[in-house]
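Visitor: Need the 3D shape of this:
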Amino acid sequence: MRSVERTHELPEDALKDTLRRTRAGFHRAVAGMASAGNNVVVDYVLSEPWRLRDCLEVFDPFDVYFVGVYCSPEELVRRERERGDRPEGLAVAQVETVHAHGMYDLEVDTTAASTEECAAIIVREYAKQQKGRAFETLAARASMSEVSAAKGLE
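Guide: Purely as a prediction, here's the structure:
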């Protein structure tokens, strides 16, 4: 979506704005796919609080089954080192922010389970429920927080 060379030419404030617009555009592209009748699976890191808030708003018309993916810090570091395409320790540093909202329809742990095993768990559990509730609950909480803030209660 972005040229690495051109992205690195941007001043820091312009880079932040470009990355935010790109991520917001991604959310809307996913919603566009769902609007066209597609079932969509997204692997996405909610490493900034605004990303979840935006997703709650943009995906409001859709049934979202929200899966939390966990992994031990040691394994995260090992995988980053093996991949070599990001700063070591980035994933561990993001864990708290990524899971700060504290609610999922299902959680899986990839520390020892393979991608295929986790996918099978997700498919099996989704088939039992067919409808997620975590996104609805999180959206309601966000809405209540906005109302409280507007009334000066927070």
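Visitor: Can you give the distance of the helix or strand where Ala14 lies from its chain's centre?
Guide: Assigned by DSSP states H and E, Ala14 falls within helix 12-35. Per Cα atoms, centre = their mean, to the nearest Å, the displacement of helix 12-35 from the mean C-alpha position of its chain is 13 Å.
Visitor: Which helix or strand lies directly C-terminal to it?
Guide: Counting by DSSP H and E, what follows helix 12-35 is helix 49-58.
Visitor: what is the orientation angle of that next one with helix 12-35?
Guide: On the basis of axes from the mean of the first three to the mean of the last three Cα atoms, to 10 degrees, helix 49-58 is oriented at 30 degrees to helix 12-35.
Visitor: Which strands or helices does the following helix or strand past helix 49-58 pack on?
Guide: Later in the chain than helix 49-58, the nearest helix or strand by DSSP H and E is strand 67-70. With contacts defined as 3 or more Cβ pairs under 8 Å, 6 or more residues apart in numbering; DSSP states H and E, strand 67-70 has these neighbours: strand 106-109. (C-beta placed from N, C-alpha, C; glycine too.)
Visitor: Could I get the average pLDDT for the helix or strand just after the strand it packs on?
Guide: For strand 106-109, the following helix or strand on the C-terminal side (DSSP H and E) is helix 115-129. Mean pLDDT, helix 115-129: 94.
Visitor: can you list the residues that contact helix 115-129?
Guide: Helix 115-129 is contacted by residues Tyr65, Val67, Val69, Asp105, Leu106, Val108, Thr110, Ala113 when judged by Cβ atoms under 8 Å, 6 or more residues apart in numbering.
Visitor: ok, 7 Å please
Guide: Under the contact criterion Cβ atoms under 7 Å, 6 or more residues apart in numbering, helix 115-129 has outside partners Tyr65, Val67, Asp105, Leu106, Val108, Thr110.
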